[in-house]
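> coords below, sequence missing:
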């Protein structure tokens, strides 16, 4: 969700705004930290993850330029319920909670922008829940790859995903690394995605991957490349 204006400039009228740069894999905030600020991703990509009492870890969302994180403090969360970690080099703007609240009440452009953002986030979370309840891990992986590739936004036939390895994908899909490896190899043989063994250059996602999400039945064994892959490439 890329805004047509910089919301941090509006919030600056009501309180402190601080821009911070993070390198890849640096922690922006940790689960259990005091929830005093809201963060706005100005550049780069980060992931939100949670750790259970038994130390099981799950990636619950990926946020990128134009997204907020840590906004739960606006509705009374006193402690962080997740950890935010930079996936790429990030520029993040730290916003004071009182300033954001004042902007929501007094600044109509920001209020409209923020409400739209929250509604879109709620729809995404609902879709994620439905996906986990009713879809196979194969279809969940296909959906995650399409979302990471911003399917439908660019209009191109392929989009490259960087900084997403099998372990990260397994945490997002809710399955094992070996299952992710199996399905990624399958998708690549079908011509739905392409990548080198070490992910050098990222994962190239083709629009044909949408077939996995739309098909009612799992895709069968791979005997030969998908005939449409040549046209897409």
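Received it, and whenever you're ready, just let me know what you need. Remember, predicted model here, so these are calculated numbers, not experimental data. Numbering: from 1, shown residues only.

> Per-residue pLDDT of residue 14, please?
With respect to pLDDT, residue 14 scores 89.

> Please give the number of neighbouring residues around it.
20 (other C-beta atoms under 10 Å). Placement of C-beta: from N, CA and C, glycine included.

> quick one, phi psi at the residue most central in space within the chain?
Centroid-nearest residue in the chain, with C-alpha atoms, centre = their mean: residue 62, separated by 2.1 Å. Main-chain dihedrals, residue 62, degrees, to the nearest 10: phi -120, psi 130.

> residue boundaries of the strands in this structure?
17-22, 27-29, 37-43, 45-51, 57-64, 68-69, 83-86, 90-96, 158-161, 193-194, 203-206 (DSSP state E).

> Break the protein into its domains for me.
The chain breaks down into these domains under automatic domain parsing: 7-132, 135-232.

> what's the straight distance from one end of the longest one to the other?
Going back to what we said before, that points to domain 7-132. This stretch, domain 7-132, spans 33 Å end to end (C-alpha to C-alpha, to the nearest Å).

> which residues touch the residue nearest to the centre of the chain?
45, 46, 47, 48, 87, 147, 148, 172 (C-beta atoms under 8 Å, 6 or more residues apart in numbering).

> From residue 43, how far out is residue 63?
Residue 63 sits 12 Å away from residue 43, going by C-beta to C-beta, to the nearest Å.

> With residue 146 instead?
23 Å.

> related to what we said a few turns ago, just put the contacts of residue 62 in CSV and tack on pLDDT and distance to residue 116.
Formatted as CSV, those follow (pLDDT from 0 to 100; distance: C-beta to C-beta, whole Å):
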residue, pLDDT, distance to residue 116
45, 87, 21
46, 90, 21
47, 89, 23
48, 91, 20
87, 86, 24
147, 82, 18
148, 81, 22
172, 84, 25
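
> Give the residue from residue 63 and residue 43 that has the larger number of neighbours.
Per other C-beta under 10 Å, whichever of residue 63 and residue 43 has more neighbours is residue 63, with 24 against 15.

> got the contact list for that one?
Counting by C-beta under 8 Å, 6+ apart, the residues that residue 63 touches are 41, 45, 46, 47, 48, 69, 84.

> The fourth one - how many residues pack around it?
Using other C-beta under 10 Å, residue 47 has 22 other residues around it.

> Where is the longest helix in this protein?
helix 108-134 (DSSP state H).

> elements contacting that helix?
If you count contacts as 3 or more C-beta pairs under 8 Å, 6 or more residues apart in numbering; DSSP states H and E, helix 108-134 packs onto helix 7-11, helix 97-106, helix 137-148.
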